[in-house]
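K.L.:
A predicted structure for the sequence below; I have some questions about it.
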Amino acid sequence: MTADSGSGLELSELAADRALLGRTSTAERVAGILRERIAQGFFLPGVRLSEERIGGALGVSRNTLREAFRLLTHERLLVHRLNKGAFVRVLSAADIADIYRVRKLVECAAVRGLGEPPHPLKDVSAAVEAGEQAAARSRWNDCGTANIHFHQALAGLAGSERTDDLMRGVLAELRLAFHVMDDPRRFYEPYLTRNREILTALEDGDATAAERMLGYYLEDSRRQVIEAYPEQPPHGSGAGVR
């Protein structure tokens, strides 16, 4: 005798969970919107996120918004302070060093693991070109976004959804560091040429050279960011949401 999927009572209880699917899906979409806005610098480190204002702007319930905040707290983009609410996280120098440690492990491994050329470099090439175009127009924040896309695309060469998800969170977290430092041109312009050189090596089928250049690149970037990172980043006192 073939077993059924459950009794009427069990199915009734399962049907009651249907609302959770909708709420979770909405919360994930809201988290995605806020994640992107944080990465863009719309919400700066140390800023308090107003449940009332953000919920009203997005047209979502307070419970949905709190679930989105919880997801972003798990991703280390927000922190929750008792009786005060959710704040965009302010990174420490130790946080930055750890982010670069993860980046080197993942990005270099993705390049090292490439098989025989040609490699799927469309996204890498598009990010390099976007960065160069943004720099030509002196749009340095857009250049920074293109640079993030470049590194996301390098990690994407691994062909792993889990790696993509990991790097998306890691790179969004890294943007928190750049948002509290002056002169974004100083941090992005020198790497445009290096991005192009890594792309050229990959186009030539020389993954070994690309990995070597990427390793030096990440170490230089880590050192530059930590040396320039302010000991007391602005907005640390918790200003209201922008």
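P.N.:
Cool, got the structure. Fair warning: this is a prediction, and the values are worked out from it, not measured in the lab.
K.L.:
roughly how far apart are the residue nearest to the spatial centre of the chain and residue 201?
P.N.:
Centroid check for the chain by Cα atoms, centre = their mean gives residue 172 as the closest residue, at 2.3 Å. Here residue 172 is placed at a distance of 27 Å from residue 201 (Cβ to Cβ, to the nearest Å). Any C-beta I mention is one placed from the backbone N, CA and C, and that applies to glycine too.
K.L.:
Surely residue 164 is in contact with residue 155?
P.N.:
Yes: Residue 164 sits in contact with residue 155 when judged by Cβ atoms under 8 Å, with a separation of 6.7 Å.
K.L.:
more crowded one of the two?
P.N.:
Remark: of residue 164 and residue 155, residue 155 carries more neighbours, 22 against 14, as counted by other Cβ atoms under 10 Å.
K.L.:
any idea of the pLDDT on the residue nearest to residue 210 when sequence neighbours are not counted?
P.N.:
Closest residue to residue 210 apart from its sequence neighbours, by Cβ to Cβ, 6 or more residues apart in numbering: residue 201 at 4.0 Å. pLDDT recorded at residue 201 is 97.
K.L.:
ok, now residue 219?
P.N.:
96.
K.L.:
switch to numbering from 635
P.N.:
That works, and once the first residue is 635, the last one we named lands at residue 853.
K.L.:
buried set for the helix or strand hosting it?
P.N.:
Assignment of secondary structure by DSSP states H and E places residue 853 within helix 841-862. By neighbour count with 16 or more other Cβ atoms under 10 Å, helix 841-862 contains the buried residues 841, 843, 844, 845, 847, 848, 851, 852, 855, 856, 859.
K.L.:
does the fourth one really touch residue 747, like I thought?
P.N.:
Pointing back at residue 845 there. No: look at residue 845 against residue 747 with Cβ under 8 Å: they stay out of range, at 9.6 Å.
K.L.:
Could you check which helix or strand contains the residue nearest to the centre of the chain?
P.N.:
Secondary structure from DSSP H and E places residue 806 in helix 795-812.
K.L.:
can you check residue 668 too?
P.N.:
Element membership of residue 668 [criterion: DSSP H and E] is helix 652-674.
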